[in-house]
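**Q** Provide a 3D model corresponding to the input given below.
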Amino acid sequence: MKPVFHAGQINGPFDDPCVYSRILRERRAVLFDCGDIRVLDTGHILKISDIFITHMHIDHFIGIDSVLRAILRRDEPLRIYGPEGIITCVEGKLRGYTWNLITNYPVVIEVFEIKNDCIEHATFQAANAFGRVDQPANEYDGIVLDDPLFKVKALHLSHNIPVLAYSLAEEYHINIDKAILQNMNLPVGPWLSALKRAIRQGAPADTVFDCDGRTFTKEEVLPVATITRGQKISYIMDVSPEEENIAKIIPFVAGSDTLFCEAYFPGQEIDRAKERHHLTASLAGRIAREAGVKNIEIIHISPKYRHSVDEIYREVEREFRGVKG
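**A** Below is the predicted model:
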């Protein structure tokens with residue numbers, strides 16, 4: 001399976017946690033948490049369509065200013081998702097600046113506050129000097145973004161404050177069989193992306209595609225496409241090391257191709273982890289093993305362990321692989 005999501009952390013394990021996931025062939029990206037993102041150039045920031053915030057501690061949220069600065073003249077809206085309080089926090093950031101010269105700018109910011117039973121929604125438009133406009137709330141069913149290409153789900157957890165975990169997943173993956181393509185004497189080109197969209201949207205069988213001047217119906221070219229299991233990425237950050245949290249996380253991240261997870265303390269510091277409401281390396285590894293994820297990537301480690309970071313990684317790996325001792 002050729003991955004659709006090209007995801008990776010943008011900072012080191014001791015710096016602000018943040019995962020940037022590019023959506024292949026879509027000139028689009030999503031961001032999980034938004035701390036210090038100064039390593040991203042403007043071109044990468046402009047591709048961000050959606051930002052998923054776990055909670056509003058400064059190391060997860062301060063980068064919103066950098067995003068805002070880059071997108072002021074962008075036509076496409078920016079969508080921000082987060083736990084209770086996210087609308088007020090975004091509003092506070094926007095009120096920290098003077099906006100008397102931007103009423104002809106196109107940008108719109110949509111903010112979605114994910115509560116237990118509903119998603120509250122507010123809009124901030126440059127044309128209105130970013131004044132808050134509340135929109136009707138929607139029922140919350142676990143899905144926060146239902147896109148034709150993928151779904152993003154959120155899970156309520158605790159960090160001594162409400163936090164969210166996220167998963168990004170394709171419902172299924174569409175592969176193009178190059179051998180069949182060649183046997184049918186069909187070219188590689190933009191029409192293949194159009195075919196994939198048509199399959200996802202359930203377009204009629206007589207939908208027509210232009211293949212280098214030749215036209216074919218969806219029914220005629222459908223043999224070049226095969227359906228396989230979709231890619232899944234999960235993001236777990238700043239979670240109290242309580243069994244109640246862990247019991248929720250394991251089924252939520254189950255089957256992930258990549259789990260991005262904190263391992264803030266070594267296992268021997270479990271009392272400190274409980275005091276500071278963070279997962280340990282052994283717990284991160286256990287979650288990955290019991291959830292059957294393919295790969296775990298650690299992205300949030302206490303700077304206290306800067307000189308013994310290898311032991312953190314070894315502890316995660318031992319627990320992930322079920323190695324005793």
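
**Q** list the strands paired with whichever strand or helix holds Val111, with their directions.
**A** In this structure, Val111 sits in strand 108-114 according to DSSP states H and E. According to DSSP bridges, strand 108-114 forms sheet pairs with strand 78-82 (parallel), strand 118-125 (antiparallel).

**Q** comparing the ones you listed, which comes out most buried?
**A** Counting by mean count of other CB atoms under 10 Å, strand 78-82 has the highest mean neighbour count of the strands paired with strand 108-114, with a mean of 23. For glycine as for every other residue, the C-beta is placed from the backbone atoms N, C-alpha and C.

**Q** following the chain onward from that one, which element is next?
**A** With secondary structure assigned by DSSP H and E, strand 78-82 is succeeded by helix 86-95.

**Q** other SSEs contacting that following helix?
**A** helix 64-71, strand 78-82, strand 108-114, strand 118-125 (3 or more CB pairs under 8 Å, 6 or more residues apart in numbering; DSSP states H and E).

**Q** what's the average pLDDT for the second one?
**A** Here the mean pLDDT over strand 78-82 is 98, rounded to a whole number.

**Q** by how many degrees do that strand and helix 86-95 diverge?
**A** Orientation check (axes from the mean of the first three to the mean of the last three CA atoms, to 10 degrees): strand 78-82 against helix 86-95 gives 130 degrees.

**Q** circling back to that earlier point, let's have the helices and strands packed on helix 86-95 in a markdown table, adding distance to Arg306.
**A** What follows is those, written out as a markdown table (distance: least, CB to CB, whole Å):
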| stretch | distance to Arg306 |
| --- | --- |
| helix 64-71 | 25 |
| strand 78-82 | 29 |
| strand 108-114 | 34 |
| strand 118-125 | 39 |
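
**Q** which one, of the ones you listed, ends up nearest to Thr54?
**A** Comparing the helices and strands packed on helix 86-95 against Thr54 with CB to CB, the closest turns out to be strand 78-82 (7.6 Å).

**Q** would you list every one of the helices in the stretch 151-300 of the chain?
**A** Shown for the stretch 151-300 of the chain, the helices assigned by DSSP state H, counting those that start in this stretch span residues 178-183, 190-201, 218-221, 243-253, 270-276, 281-291.

**Q** pick the most deeply packed of those.
**A** helix 281-291 (a mean of 24).

**Q** nearest to Val152, out of the helices and strands packed on helix 86-95?
**A** Of all the helices and strands packed on helix 86-95, strand 78-82 comes closest under CB to CB, at 7.7 Å.

**Q** now that closest one, how far from the centre of its chain.
**A** Distance of strand 78-82 from the chain centroid (CA atoms, centre = their mean, to the nearest Å) equals 11 Å.

**Q** okay, the angle between it and helix 64-71?
**A** Going by the same axes, to 10 degrees, strand 78-82 makes 170 degrees with helix 64-71.

**Q** what's the spacing between the nearest residue in space to Gly230 that is not next to it in sequence and Ala291?
**A** Nearest non-adjacent residue to Gly230, counting by CB to CB, 6 or more residues apart in numbering: Glu170, 2.9 Å away. Between Glu170 and Ala291 the distance is 18 Å, computed by CB to CB, to the nearest Å.

**Q** got it, and Glu243?
**A** 15 Å.

**Q** same deal with Tyr172?
**A** Taking CB to CB, one finds Tyr172 at 20 Å from Ala291.

**Q** then Asp15?
**A** 26 Å.

**Q** try Ile119
**A** Counting by CB to CB - Ile119 and Ala291 are separated by 26 Å.

**Q** returning to that earlier point: wait, which of the helices and strands packed on helix 86-95 is closest to His300?
**A** strand 78-82 (17.5 Å).

**Q** show me the domain layout of the protein.
**A** Annotated domains of the chain cover 1-168, 173-228, 239-325 [automatic domain parsing].

**Q** compare these and say which comes out lowest on pLDDT.
**A** Taking the mean pLDDT of those, domain 173-228 comes last: a mean of 83.

**Q** between the two ends of that one, what distance do you get?
**A** One end of domain 173-228 to the other measures 5 Å (CA to CA, to the nearest Å).

**Q** shouldn't Gly35 be within a strand?
**A** No - read with DSSP: H, G, I helix; E, B strand; the rest coil, Gly35 is coil and lies in no strand.

**Q** tell me the spacing between it and His277.
**A** For Gly35, the distance to His277 - CB to CB - is 17 Å.

**Q** tell me which of the two has more neighbours.
**A** The neighbour count for Gly35 versus His277, taken as other CB atoms under 10 Å, is higher for Gly35 (21 against 18).
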